[in-house]
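A.B. asks: fold the following, please.
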Amino acid sequence: MRLVVSLLLATASFISPVSAFAGSADVEATIRDVNVDGMSLVLDDGKTYAVPAEFNFEGLEPGQKVIVFYTEVDGKRVVDDLEVLQ
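C.D. replies: All right, here's what the predicted structure looks like:
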């Protein structure tokens with residue numbers, strides 16, 4: 001039984017650093033461009049963030065401060081969530 005528990009703990013400690021790379025990140029910035037046709041946002045950090053098909057662009061405009069929660073997929077930043085700051 002001790003061997004099984006030891007193997008499980010060793011496996012968990014090996015896998016946990018890998019999951020950190022798959023996690024979501026966030027950035028606080030100002031919207032520079034809203035591209036509805038291209039399904040993307042450009043922030044003042046100079047990076048483009050792709051949005052999913054069901055993303056609602058309503059009320060978003062250049063100059064707004066936002067927090068963008070994103071995940072990198074195949075080298076692209078894909079928006080998971082967005083919060084408009086006041």
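A.B. asks: could you check how far Arg80 is from Asp26?
C.D. replies: Residue 80: Asp, not Arg. Computed as C-beta to C-beta, to the nearest Å, the Asp80 to Asp26 distance reads 9 Å. Heads up, the C-betas are built off the backbone N, CA and C, glycines and all.
A.B. asks: what is in contact with these two at once?
C.D. replies: Shared contacts of Asp80 and Asp26 (C-beta atoms under 8 Å, 6 or more residues apart in numbering): Phe69, Tyr70.
A.B. asks: this structure: strands as residue ranges?
C.D. replies: 25-35, 40-43, 48-50, 65-73, 76-84 (DSSP state E).
A.B. asks: could those go into a markdown table alongside distance to Asn56?
C.D. replies: Listed next are the strands of the chain as a markdown table, based on distance: least, C-beta to C-beta, whole Å:
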| stretch | distance to Asn56 |
| --- | --- |
| strand 25-35 | 12 |
| strand 40-43 | 12 |
| strand 48-50 | 15 |
| strand 65-73 | 13 |
| strand 76-84 | 9 |
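A.B. asks: of these, flag the one that's most buried.
C.D. replies: strand 40-43 (a mean of 20; mean count of other C-beta atoms under 10 Å).
A.B. asks: centre of the chain versus that one, how much separation?
C.D. replies: 13 Å (C-alpha atoms, centre = their mean, to the nearest Å).
A.B. asks: can you list the strands that it pairs with?
C.D. replies: Note on strand 40-43: by DSSP bridges, its sheet partners are strand 25-35 (antiparallel), strand 48-50 (antiparallel).
A.B. asks: check contacts around the spatially most central residue of the chain.
C.D. replies: In the chain, the residue lying closest to the centroid (C-alpha atoms, centre = their mean) is Tyr70, at 0.9 Å. By C-beta under 8 Å, 6+ apart, the residues touching Tyr70 are Ser24, Ala25, Asp26, Val27, Tyr49, Arg77, Val78, Val79, Asp80.
A.B. asks: return the closest of those with respect to Asp37.
C.D. replies: Ranked by distance to Asp37 (C-beta to C-beta), the contacts of Tyr70 are led by Tyr49 at 15.2 Å.
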